Each structure stands twice: as structure tokens, then as C-alpha cells.
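> coords below, sequence missing:
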């Protein structure tokens, strides 16, 4: 009798998928145009300056006023799409491609329920998630729990993708920092709008893979408690691009040649060390503990070929009171098979927050 190691099969599936998508010539590599030149240096300096402020306080989000149109409406639910100017400050805005300046959002809400009796979760995009559909399918069944879903289209994705970029393969390393910074500010402003303008009783933020990293950052930096729900997410982009499968999708030779033109010849390991230094800015363990860490639930996979277990556990250690839930599978199979567990985490995370009207009493 042959015994099959199911965990190994999930892990192998991740690597087979990664080899097909990232090691073939079907699509370009990440960062095929290099580091981003002086733009990267400016971004590094700005982000490093933010950390002392972040450690002591959370700067208030910028108030936005989305312009809405109704996509469809039924007896029980309504889907609207909105557009708003990204709230990034002028330094970041000047570095963003013009296609990224206007943000798009989908907003799925139950009907017949006052907003103060509803919760809403902002769903952030994982790598390659260019549309609203997958995240709307994740949030749709939660309407019966009086949980609305707001889906943000990421900068560099969908209709916000720069003209020369193919798919999700960012052209420069600086684009990764820009994508993250803009997503965080836009999500914080959406949560602020849900609270102050729309009057929702509870808020949360979730995301899968890269979207989970951004969700953790948003939950950390938001000035009021929100349910924070990172799914299949590392503690830092270093894990994805220097340890996980995406290291095979990175244009290391191009990055090495650019550095060698500035300095002496460099080894591949020296180039990767430079990448680790840059991406250390995305290390969520350096961010403040969220206002209510009990409402933080990480969902991780037992046999993830992209995200090693130690990365998830570092996050839990950095945020005492948070919870890690394990699902059986790899990165790809969990993404496909465990939406029920992701929804359960959303419901449970929100249930650990008080209703806003209870706080005011």
C-alpha cells in the first residue's frame, strides 16, 4: 500500500504552479527595468522618516469623497463603484505613474439595515488580482451577516496599471514601495470614510498574500481599532522575493548590472542583500501593535510554498493577543479551497470589536 503525503503534494503544487507562471517565458520577470534609480532612494528616505512617527502615534487618514455610480441593485443588496483621487502626499504622488492617481473601489452592501448596525471590511488585492470579482465573491456570502464588502483596486493593477507594465510584473523595485504606500493610505482613507461619513458600526481590513501584508500595515497604522485579517501572508516582502517562489520570478541579472554600473562588480548574494535591505521597510513586525490585537486573526497554510511557517509565527510573536489559524494546504490550493475559513475569520474578528454606539454610551 502506497502512503501519500498530502502536505507534500500541496507544497509541490505551489512549486509546479510557480515554475509554470514564473520560470517560463510566458511573462516577464519582476523588476525587469531595475531598481528605479533616484526614485527608490527618495522613497526609502521618506518611508524611514515615517517610522519614528508610526511608533509613537498614528497620523490621521485623509478624508476622501468618492463619486459613486450604481452597478446593480436587488431587493436585498446593492453594488456600487466609486472613484476618488489617491490621498497620497505630493512626494508620493509625483513618483506614482499618472494611471495610478485615481483610485477605484467596489462597494457591496446589504439593503434594509442601518449602517450603524452593519460592519464593512475593506478587501485588498493579492499579487495578480486585477479585478473586483474574486474579492466580491469572497465577501458576497457575508451580506447575510450584515457585513458589507469594499474592494480596492490596487495601484499598478487593473485600470490603474501603467501602460508599459505587463500583468502584475512591476517594472522597478521602487514600484513595489509605491504600490504598498499608496494602498495603505487609500485603505486608511476608506476606513475613515466608512466611519465618519457612512456611519458603519464596525470596520475591518483583509487581504490575501501581498494584500494580507498591506492589511496588517493598515490595521497597525489606523488610529481606531479595526478587525485585521491577513490571509496566507508573510511578515515582510523579503520572504516572498528573497526566500519564496517569487525569487525565481525576479530579474536578478538586471538588478546586478544596474548596481555594478554604479559600483564594482557584485555577486548575486550581494544583490539579494541589497534587496533585503530595501524590502525590510515592509517588515510588519516593525509596525505598531494594532489598537485591538485580539481582533487580529492570521489564516496560514500548513504547506505553503510561498510563505514559510516561521514568517507567520514572527507576526504573531510581534503582536501579542493575535491569533493564527492553520488550514491544510499550500498557497494555491488554500486560495482556491478555503474561502469558508477566510469568511469565518472575518466574522470572528469583527465580533471581537464593540459596536461604535456601545463605545459612545
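Perfect, I can see it now. In this text, all values refer to a predicted model and were calculated from it rather than measured experimentally.
> which stretches of the stretch 51-200 of the chain form strands?
In the stretch 51-200 of the chain, the strands defined using DSSP state E, counting those that start in this stretch lie at 67-73, 77-85, 102-110, 119-124, 147-152.
> Report the separation between the closest residue to residue 325 other than its chain neighbours and residue 345.
Spatial nearest neighbour of residue 325, chain neighbours left out: residue 299 (5.0 Å); criterion: Cβ to Cβ, 6 or more residues apart in numbering. In this view, the C-beta of every residue, glycine as well, is placed from N, C-alpha and C. According to Cβ to Cβ, to the nearest Å, residue 299 and residue 345 sit 5 Å apart.
> list the residues that contact both of the two?
229, 231, 325 (Cβ atoms under 8 Å, 6 or more residues apart in numbering).
> Among those, which are located in strands?
229, 231, 325 (DSSP state E).
> I figured the last one was touching residue 302, is that so?
In this case it means residue 325. No - using Cβ atoms under 8 Å, residue 325 makes no contact with residue 302, being 10.9 Å away.
> follow-up on the earlier one: any chance of the shared contacts of residue 299 and residue 345 in JSON lines, plus pLDDT and distance to residue 210?
JSON lines is the format used below for those (pLDDT from 0 to 100; distance: Cβ to Cβ, whole Å):
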{"residue": "229", "pLDDT": "98", "distance to residue 210": "14"}
{"residue": "231", "pLDDT": "96", "distance to residue 210": "11"}
{"residue": "325", "pLDDT": "96", "distance to residue 210": "20"}
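> In contact with residue 110: list those residues for me.
76-77, 118, 143-144, 146, 148 are the contacts of residue 110 under Cβ under 8 Å, 6+ apart.
> And residue 282, by the same measure?
Residue 282 neighbours (Cβ under 8 Å, 6+ apart): 176-177, 180, 213, 217, 236-238.
> ok, so what distance separates it from residue 315?
Residue 282 is 12 Å from residue 315, by Cβ to Cβ.
> Output the ones in strands among the shared contacts of residue 299 and residue 345 as CSV; include the columns neighbour count and distance to residue 158.
Below are those laid out as CSV (neighbours: other Cβ atoms under 10 Å; distance: Cβ to Cβ, whole Å):
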residue, neighbour count, distance to residue 158
229, 28, 22
231, 28, 20
325, 15, 30
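> Out of those residues, which comes closest to residue 319?
residue 229 (12.8 Å; Cβ to Cβ).
> how about the nearest residue to the closest one, chain neighbours excluded?
Here the residue nearest residue 229, using Cβ to Cβ, 6+ apart, is residue 206, at 3.8 Å.
> cool, and residue 183?
Here the residue nearest residue 183, using Cβ to Cβ, 6+ apart, is residue 214, at 4.9 Å.
> Same check on residue 210?
Nearest to residue 210 is residue 127, by Cβ to Cβ, 6+ apart, at 4.7 Å.
> now residue 40
Per Cβ to Cβ, 6+ apart, closest to residue 40 is residue 174, 4.1 Å.
> Roughly how far does that neighbour sit from residue 47?
Taking Cβ to Cβ, one finds residue 174 at 11 Å from residue 47.
> and if you look at residue 201?
Taking Cβ to Cβ, one finds residue 201 at 33 Å from residue 47.
> follow-up on the earlier one: closest one to residue 254 out of the ones in strands among the shared contacts of residue 299 and residue 345, please.
Looking across those and measuring by Cβ to Cβ, the closest to residue 254 is residue 231, at 31.4 Å.
> Which residues are in contact with that closest one?
By Cβ under 8 Å, 6+ apart, the neighbours of residue 231 are 206-209, 211-212, 298-299, 342, 345.
> I'd like these as a markdown table, with secondary structure appended.
A markdown table is the format used below for these (DSSP: H, G, I helix; E, B strand; the rest coil):
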| residue | secondary structure |
| --- | --- |
| 206 | strand |
| 207 | strand |
| 208 | strand |
| 209 | coil |
| 211 | helix |
| 212 | helix |
| 298 | strand |
| 299 | strand |
| 342 | helix |
| 345 | helix |
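> what's the most distant pair in those residues?
209 and 345 (14.9 Å).
> which stretch of helix or strand covers residue 311?
helix 309-318 (DSSP states H and E).
> Quick one: list the elements packing against that helix.
Under the contact criterion of 3 or more Cβ pairs under 8 Å, 6 or more residues apart in numbering; DSSP states H and E, helix 309-318 touches strand 297-301, strand 323-327.
> who touches the last one?
Applying Cβ under 8 Å, 6+ apart, the set of residues contacting strand 323-327 from outside is 294, 296-302, 312-313, 316, 334, 338, 341, 345.
> what's the following helix or strand after that strand?
Assigned by DSSP H and E, the successor of strand 323-327 is helix 331-337.
> Do me a favour and average the pLDDT over that next one.
Taken as a whole, helix 331-337 has a mean pLDDT of 84.
> How far away from the center of its chain is it?
Its chain's C-alpha centre and that of helix 331-337 lie 17 Å apart, by Cα atoms, centre = their mean, to the nearest Å.
> Counting by contacts, list what it packs against.
Using 3+ Cβ pairs under 8 Å, 6+ apart, helix 331-337 is in contact with helix 6-22, strand 297-301.
> rank the ones you listed by pLDDT, which is bottom?
Among the helices and strands packed on helix 331-337, helix 6-22 carries the lowest mean pLDDT (a mean of 47).
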